[in-house]
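S.K.: next come a sequence and a model predicted from it.
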Amino acid sequence: MRFAVITYIPHSIQNNRYYSYAPYIREMNMWFKHVGEVEIVAPLAPNPPSPRRGSFSGEAYEHVCLSFTTVPSFHLLNFSGVLDSIIKIPFIFFRILGTMRCADHIHLRCPGNISLLGCIAQVFFPNKPKSVKYAGNWDPEAKQPWTYRLQKWILGNKFLSRNIKVLVYGDCLNQSDNIISFFTASFSEKQRESIVKDFEQPYKFIFTGNLVNGKGIFEAIDLIESLKNKGVISELDIYGDGVLDNSLRSYIQKKELQNLVKLRGRKSLEELKQAYKKAHFVVLLSNSEGWPKALAEGMWFGCIPVATPVSCVPWMVNYGDRGILIPNAERVNENKGERSLVLEEQISRITGLLENPEKLKQMSFAAQKWSQQYTLERFEKAIQEILGKTPINYRSQNIKSIPATGYPKPTTHNREAITDNSIQQTLNKQRTENPQPTTENPKPTTDNCEQQTPNQEPLRILQLIDSLRPGGAERMAINTANSLEPFVKGSFLCCTRQEGLLKEELKPEVGYLFLNKKSSLDPKAIIKLTNYIRENKIDIIHAHGTSWFLGVLMKISSKVKLVWHDHYGESENLEARSIKVLKPLSGYFDGIISVNKVLKRWAEKTLKTESVIHLNNFISENGIRSSFPKLKGEIGSFKIICVGNIRPQKDHLNLLRAFEIAAASNRMISLHLVGEDPGTAHSKAVLEQISSSAAADRIFFYGTQKNIPKILEQANLGILSSRSEGMPLALLEYGMATLPVVCTNIGQIPEVVGSAGILVERNNSEELAQAILSFAENNELCLLKGAELKSRISSRFGENSYRLDLLEFYNRI
């Protein structure tokens with residue numbers, strides 16, 4: 001893969017190698033591990049400072065096949081700058097176009113002026129895979145230069161920017177599909193440690209970063225002065241260097257705070273780690289941020305963040321639960337009295353917290369736990385996913401050990417990548433194997449778990465499910481096992497009673513066991529599962545749906561934690577739920593996960609488990625490339641699809657009545673039913689009604705199918721006529737297929753759909769028929785509501801947020 005990087009960051013040449021800002025270089029070197037050739041398009045500084053390895057001043061790229069294309073920097077801050085840019089921009093733009101034309105993957109570093117040209121140039125390469133690291137503040141409400149706003153608009157526009165992944169910091173609610181929530185990391189899995197801080201005077205605050213305007217360093221000094229005036233002895237250590245060095249020294253002397261505020265200068269990361277361990281608070285009162293690395297690093301070592309609510313900071317501190325938010329000075333400076341009042345309120349809050357050491361310890365632990373999710377291993381895995389690649393073993397290269405003189409002399413304006421045969425010959429090509437899944441796979445089947453599973457939680461999790469026939473609980477068991485696999489020490493799934501089509505969606509790396517259990521107390525199956533748990537050192541059993549009883553037996557006989565995932569589909573009729581056995585045995589559950597808020601409230605009120613949470617279902621790409629049926633009916637007909645097994649709660653009978661009413665008014669609609677026929681009296685009644693319907697020639701039943709996404713691509717409208725639901729996965733699948741929907745107003749459906757569809761009362765055929773016709777006769781409404789629903793589901797029901805919340809729950813119990 002030829003990997004092209006377009007960046008505004010200035011570089012320098014030292015000892016025949018390219019240097020730049022150290023955190024940026026460290027990150028790019030992680031990207032470069034997974035590509036064969038690299039071309040950098042960036043400015044080259046004429047008189048750069050001497051780079052110092054291990055500091056923020058500069059580090060060098062580490063890749064054996066790298067070329068550099070120099071472009072001049074430019075700005076639009078004044079008239080002369082604009083005139084200068086008129087000459088430079090065409091030259092830069094065509095250089096960028098040439099680089100993109102030769103690339104297999106285009107990577108932009110934004111925001112910046114050169115990056116803006118890259119954003120425009122990438123429009124001409126819609127089919128090439130692209131990624132963008134937006135290191136600034138993505139908040140649409142932020143005050144930013146027009147060039148930044150233009151870059152965000154281009155990147156978020158799905159017509160202009162295609163086949164692109166824009167990586168931004170923090171939540172991505174109500175954003176286009178191009179936008180992906182991302183993160184960065186400073187420390188590895190091996191550097192995780194639990195730090196318990198004693199919150200006693202003098203309280204130690206720490207600031208790390210460049211000493212430049214906009215970082216709120218003077219405000220941090222004011223904070224220490226205010227605490228001193230309140231009788232609270234605090235100290236501030238400022239690590240870094242920059243243009244404000246002398247101004248800060250004068251300010252500290254003017255305030256007579258020399259004993260409390262120290263300028264420590266630029267230090268190595270190792271020295272900063274020791275400083276973080278000793279500090280109680282990490283302070284960053286910036287006007288603007290991207291990913292505030294200083295906060296994340298401090299939180300890793302248990303420092304409580306004190307920060308302004310800019311960019312992703314509120315999300316990082318969970319809106320004040322694991323940190324202290326202080327209003328941005330820029331937003332309240334117009335009224336000095338208001339600024340003083342706000343500052344006084346925050347000082348009072350801080351002093352109040354200082355009187356509660358236990359609360360501070362809880363915040364410190366929460367900050368540490370959150371930050372330690374984001375390891376270098378997890379970051380590298382995320383990079384691989386963005387590149388669409390599996391891990392590559394580069395450990396044998398040991399590039400760092402090669403002296404500078406061993407690198408070939410760099411060239412500029414040269415599209416031929418630099419190579420060095422002596423170095424290239426040291427790259428060992430690793431042979432990997434991909435074992436096929438079997439019915440009994442005692443552990444994940446990766447060739448090398450250490451290399452293939454970065455950022456693993458030290459957990460071994462077993463998903464327990466009674467069947468793998470298509471269904472909501474069954475699909476969530478598969479999705480959960482697959483999603484956890486790269487992030488835990490071991491991911492396993494046990495099917496107890498009946499295998500089915502969903503088994504094909506299980507990753508080969510997930511350990512699999514089939515019990516073929518014949519009864520609730522089948523001794524052979526119980527012994528088999530007990531041995532499997534012992535052999536694979538399972539930590540947590542995650543029992544889905546009706547498998548909870550076997551989970552309780554394993555809990556009694558083994559030292560495991562037990563989580564029950566309640567997928568109950570009749571949440572509208574909970575008073576009829578049988579709990580004679582469930583209620584007394586629920587005391588064995590270490591935690592309960594409910595698929596909607598109604599079930600959560602019911603579990604908290606009815607069962608004997610203290611820890612209960614609500615987690616939204618999610619859908620994921622299963623990678624299946626199986627055949628799929630072509631939807632029948634007349635060419636050009638309006639195809640309505642319902643995905644759901646024929647069970648009473650899905651109320652297909654109501655749907656058939658509604659369709660018959662609608663079909664009498666519109667000859668161009670057809671109904672397509674996908675789902676299992678269990679052969680019950682109810683399913684027979686449904687099939688009989690289909691055959692006897694006045695619109696039977698436009699109703700088609702396909703039975704159980706594998707490749708649902710491909711089937712949904714052929715439809716025009718998704719429909720659910722259920723009389724009761726938990727959290728229907730079919731609805732999420734409709735949304736991801738950009739289908740408009742008509743659904744009954746039950747369960748969690750209103751929360752998912754919002755205004756992006758039509759909701760009707762259950763068992764109301766007339767209302768359901770009218771809703772169908774509303775879409776069938778308005779193509780523009782279909783397109784609008786389909787796009788709106790996809791946007792809602794993409795932002796609110798994502799795999800990443802589910803997995804993070806689930807892992808946090810596992811660790812908490």
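M.R.: Thanks, I have the structure now. Numbers count the residues shown, from 1 in each chain.

S.K.: list the contacts of stretch 682-691.
M.R.: If you take C-beta atoms under 8 Å, 6 or more residues apart in numbering as the criterion, stretch 682-691 is touched by 646, 647, 648, 652, 653, 656, 673, 677, 696, 699, 701. No exception for glycine: its C-beta is placed from N, CA and C like everyone else's.

S.K.: so the fifth one belongs to a helix, correct?
M.R.: Yes: membership of residue 653 in a helix is supported by DSSP: H, G, I helix; E, B strand; the rest coil.

S.K.: next up, the contacts around it.
M.R.: Contacts of residue 653 (C-beta under 8 Å, 6+ apart): 685, 686, 689.

S.K.: what distance separates the start and the end of stretch 197-212?
M.R.: 30 Å (C-alpha to C-alpha, to the nearest Å).

S.K.: how far away from the center of its chain is it?
M.R.: Centroid separation for stretch 197-212 versus its chain: 30 Å, with C-alpha atoms, centre = their mean, to the nearest Å.

S.K.: list the buried ones in it?
M.R.: Within stretch 197-212, the residues that count as buried by 16 or more other C-beta atoms under 10 Å are 197, 199, 203, 204, 205, 206, 207, 208, 209, 210, 211.

S.K.: now the nearest residue to the third one once chain neighbours are set aside: how far from residue 484?
M.R.: Right, residue 203. Spatial nearest neighbour of residue 203, chain neighbours left out: residue 234 (4.4 Å); criterion: C-beta to C-beta, 6 or more residues apart in numbering. For residue 234, the distance to residue 484 equals 42 Å [C-beta to C-beta, to the nearest Å].

S.K.: break the chain into its domains for me.
M.R.: If you go by automatic domain parsing, the domain ranges for the chain are 2-185+380-421, 190-371, 440-618, 638-797.

S.K.: roughly how far does residue 713 sit from residue 75?
M.R.: Noted for residue 713: a distance of 47 Å to residue 75, by C-beta to C-beta.

S.K.: which other residues reach stretch 92-101?
M.R.: Residues contacting stretch 92-101 (C-beta under 8 Å, 6+ apart): 4, 6, 39, 41, 69, 71-72, 74, 106, 114, 117-118, 120-122, 124-125, 128, 415.

S.K.: can we see that at 10 Å?
M.R.: Outside of stretch 92-101, the residues within contact range by C-beta atoms under 10 Å, 6 or more residues apart in numbering are 2, 4-6, 39-41, 43, 67, 69-74, 85, 106, 108, 113-115, 117-122, 124-125, 128, 130, 413, 415.

S.K.: before we move on, the earlier item: between the domains of the chain, which one is nearest to residue 812?
M.R.: domain 440-618 (7.0 Å; C-beta to C-beta).

S.K.: what part of this structure, helix or strand, is modelled with the least confidence?
M.R.: Within the chain, no helix or strand scores below helix 421-424, which has a mean of 32 by mean pLDDT, DSSP states H and E.

S.K.: give me the mean pLDDT for the longest helix belonging to the chain.
M.R.: In the chain, with assignment by DSSP state H, the single longest helix is helix 79-102. Here the mean pLDDT over helix 79-102 is 90, rounded to a whole number.

S.K.: other SSEs contacting the helix or strand harbouring residue 235?
M.R.: Using DSSP states H and E, residue 235 falls within strand 234-239. If you count contacts as 3 or more C-beta pairs under 10 Å, 6 or more residues apart in numbering; DSSP states H and E, strand 234-239 packs onto strand 203-208, helix 217-229, helix 245-255, strand 261-265, helix 269-278, strand 281-284.

S.K.: can you put these in JSON lines and add mean pLDDT and distance to residue 743?
M.R.: Below are the helices and strands packed on strand 234-239 laid out as JSON lines (pLDDT from 0 to 100; distance: least, C-beta to C-beta, whole Å):
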{"stretch": "strand 203-208", "mean pLDDT": "96", "distance to residue 743": "51"}
{"stretch": "helix 217-229", "mean pLDDT": "92", "distance to residue 743": "50"}
{"stretch": "helix 245-255", "mean pLDDT": "94", "distance to residue 743": "60"}
{"stretch": "strand 261-265", "mean pLDDT": "95", "distance to residue 743": "60"}
{"stretch": "helix 269-278", "mean pLDDT": "92", "distance to residue 743": "50"}
{"stretch": "strand 281-284", "mean pLDDT": "95", "distance to residue 743": "45"}
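
S.K.: so for residue 551, which of those sits nearest?
M.R.: The nearest among the helices and strands packed on strand 234-239, by C-beta to C-beta, is helix 269-278 at 40.5 Å.

S.K.: distance from the chain centre to that closest one, please.
M.R.: Remark: helix 269-278 is offset 29 Å from the chain centroid, using C-alpha atoms, centre = their mean.

S.K.: and of the contacts of stretch 682-691, the nearest to residue 226?
M.R.: Nearest to residue 226 among the contacts of stretch 682-691, with distances taken as C-beta to C-beta, is residue 647, at 63.9 Å.

S.K.: distance of that closest one from residue 269?
M.R.: Residue 647 is 58 Å from residue 269, where distance means C-beta to C-beta.

S.K.: before we move on, what about residue 666?
M.R.: Distance, residue 666 to residue 269, using C-beta to C-beta: 67 Å.
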